[in-house]
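J.: Sequence first, then the predicted structure, then my questions.
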Amino acid sequence: MNKDMTRDEIEALLPFLANDTLTGEERQSVEAAVNADPDLLAELAALRAIRQTMQSDMVQSPGNMGLARLMRETKAQPKPSRPILWQIAAGVLLAVVVGQGALMIQDPVSQGYELAGQVSPALIGFAPEVTESAMRDLLLEAGVEIIGGPSALGLYKFTAIQGVTFEQASGILEASDLVETLEPPSE
Amino acid sequence: MDPHTQTLTKIAKGDSQALATLYRALEKPVYRFILSRLNDPFESSDILHDVFMEVWRSASRFEGRSKVQTWIFGIAYRKVIDLHRKRRRVDVTDDIPDRADDAPGAEACLSAGQDADHVRHCLSTLKDDHRSAISLAFFDDMTYGEIAEVAGVPEGTIKTRIYHAKKLLLRCLSGLVDRGAPT
């Protein structure tokens, strides 16, 4: 048995070797333990048999009847009323613009302000033929929101939404044919 | 890339045909998961309907932190718990079962594990949280991380649940053979 894992840990992971989802070092450790222990090997065979039996057990689901019921009810109910992310982004942008205006009025001496801990935005430019719908789908997929623009050069400021890093978002944006320009946040 | 993300984006915009597409793709596994916990096809159909109505209403709240399928199974998971709570049948617990460490006979388990009636019976004897973990692992081939996301608990909790659920399941199957239940 692998000296880094206890017998209980090996046994807890055995079902995930049976369903073939275990990867990396955990898989190596469990496989090594199974190969060295006939009891574990027998248990693995039993678990695989149980899984096979469960997956072969035919279940009669609601199917088209359930779908028809679902479609009837969606017609009876209005479309999802919650704003989707780009609408939230537009709302946030409006609030920021209004807030900035109010602060500038209150403090005419100030040369502007900066929020503590504010993340500087990145810049993105789209190909000329890109539709708003395609742009919106891409932004949602990448987990980013437009917070300003377009500039005179047609660039938009954007930030990643909470839980998404710029690196994650830029991987999706860079791979898209819709994007012509992508500049990371300034330091 | 999650194959259902674009579909969910369309649903968020109110596209009912996209909802139909997602329903056709996921109806069977989600229904099977619900049925495995309720053991009542009529109730399970109603919960399945409620799950996809919630998808319709809440698609715009999906944040992309998990796979769409995992998110939907999470909705189903909570809806069954809500139903149990309404009936005061909640037994969501991580108690360590009695005699869980008895070693069942491997040959008996292998034999009984190939019988659908025996497996169904022994699954029905498990507590809901144990049955859910086994169902997601064996019906839907989820990783322990995905099961943890569905149930909204730490991965270690899922490993513990799987450990005990597996012991109880194997012992039940072994017991059926020992008692001479027809195979």
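T.: That came through fine. Numbering: from 1, shown residues only, chains lettered A, B, ... in the order given.
J.: From the contact counts, what lies against the helix or strand where residue B:148 lies?
T.: Element membership of residue B:148, judged by DSSP states H and E, is helix B:144-151. Contacts defined by 3 or more C-beta pairs under 8 Å, 6 or more residues apart in numbering or on different chains; DSSP states H and E place helix B:144-151 against helix B:68-86, helix B:128-138, helix B:155-178. All C-beta spots, glycine's among them, are computed from the backbone N, C-alpha and C.
J.: Report the separation between residue A:148 and residue A:156.
T.: To residue A:156, residue A:148 is 7 Å away according to C-beta to C-beta, to the nearest Å.
J.: Between those two, tell me which one has more neighbours.
T.: The neighbour comparison of residue A:148 against residue A:156 (other C-beta atoms under 10 Å in any protein chain shown) goes to residue A:156, with 20 against 15.
J.: residues near residue B:130, how many?
T.: 26.
J.: got a pLDDT number for the closest residue to it other than its chain neighbours?
T.: Counting by C-beta to C-beta, 6 or more residues apart in numbering or on different chains, residue B:130 lies nearest to residue B:165, which is 3.6 Å off, once chain neighbours are set aside. pLDDT for residue B:165: 94.
J.: residues in contact with residue B:165?
T.: With contacts defined as C-beta atoms under 8 Å, 6 or more residues apart in numbering or on different chains, residue B:165 is in contact with B:126, B:130, B:131, B:133, B:134.
J.: domain parsing for chain A?
T.: A:7-56, A:85-183 (automatic domain parsing).
J.: Just after the least confident helix or strand in chain B by mean pLDDT, pick out the following helix or strand.
T.: One helix or strand of chain B scores below all others by mean pLDDT, DSSP states H and E: helix B:106-112, with a mean of 68. Next helix or strand after helix B:106-112 toward the C-terminus (DSSP H and E): helix B:116-124.
J.: Only C-alpha atoms, please: export that next one in CSV.
T.: Output of helix B:116-124 as CSV, limited to C-alpha atoms (Å, rounded to 0.1, in the frame of the first residue of the first chain):
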residue,chain,number,x,y,z
ALA,B,116,-30.4,-5.2,-10.6
ASP,B,117,-33.1,-6.0,-8.0
HIS,B,118,-30.5,-6.7,-5.3
VAL,B,119,-28.6,-3.4,-6.1
ARG,B,120,-31.9,-1.4,-6.1
HIS,B,121,-32.9,-3.0,-2.8
CYS,B,122,-29.6,-2.3,-1.1
LEU,B,123,-29.4,1.3,-2.4
SER,B,124,-32.9,1.9,-0.9
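J.: chain center to that helix, what's the gap?
T.: Remark: helix B:116-124 is offset 15 Å from the chain centroid, using C-alpha atoms, centre = their mean, to the nearest Å.
J.: center of chain B - which residue?
T.: residue B:132 (3.7 Å; C-alpha atoms, centre = their mean).
J.: looking at it, it is touching residue B:152, isn't it?
T.: No: assessed by C-beta atoms under 8 Å, residue B:132 is found out of contact with residue B:152, at 11.4 Å.
J.: Identify the contacts common to those two.
T.: residue B:77.
J.: Tell me the helix or strand right after the worst-scoring helix or strand of chain A on mean pLDDT.
T.: When each helix and strand of chain A is scored by mean pLDDT, DSSP H and E, helix A:85-106 comes last, with a mean of 50. Downstream of helix A:85-106, the first helix or strand assigned by DSSP H and E is strand A:122-126.
J.: Contacts made by the helix or strand that that following strand is followed by with the rest, please.
T.: Scanning forward in sequence from strand A:122-126 by DSSP H and E, the next helix or strand is helix A:132-142. Contacts of helix A:132-142 with the rest of the structure, by C-beta under 8 Å, 6+ apart, involve A:84-86, A:126, A:145-146, A:158, A:164, A:168-170, A:172-173, A:176, A:178-179, B:5-6, B:9.
J.: Likewise for stretch B:137-153?
T.: Here stretch B:137-153 makes contact (C-beta under 8 Å, 6+ apart) with A:13, A:15-16, A:18-22, A:50-51, A:54-55, B:29, B:32-33, B:36, B:66-67, B:70, B:73-74, B:77-78, B:129, B:132-133, B:136, B:154-155, B:157-159, B:162.
J.: For chain B, which residues score under the pLDDT cut-off?
T.: B:88-110, B:112-113, B:177-183 (pLDDT under 70).
J.: how does it look with 90?
T.: B:1-3, B:13, B:39, B:60-66, B:83-121, B:171-183 (pLDDT under 90).
J.: So which bits of the helix or strand hosting residue A:29 are buried?
T.: With elements taken from DSSP H and E, the one containing residue A:29 is helix A:24-36. Of the residues in helix A:24-36, those buried by neighbour count under the rule 16 or more other C-beta atoms under 10 Å in any protein chain shown are A:26, A:29, A:30, A:33, A:34.
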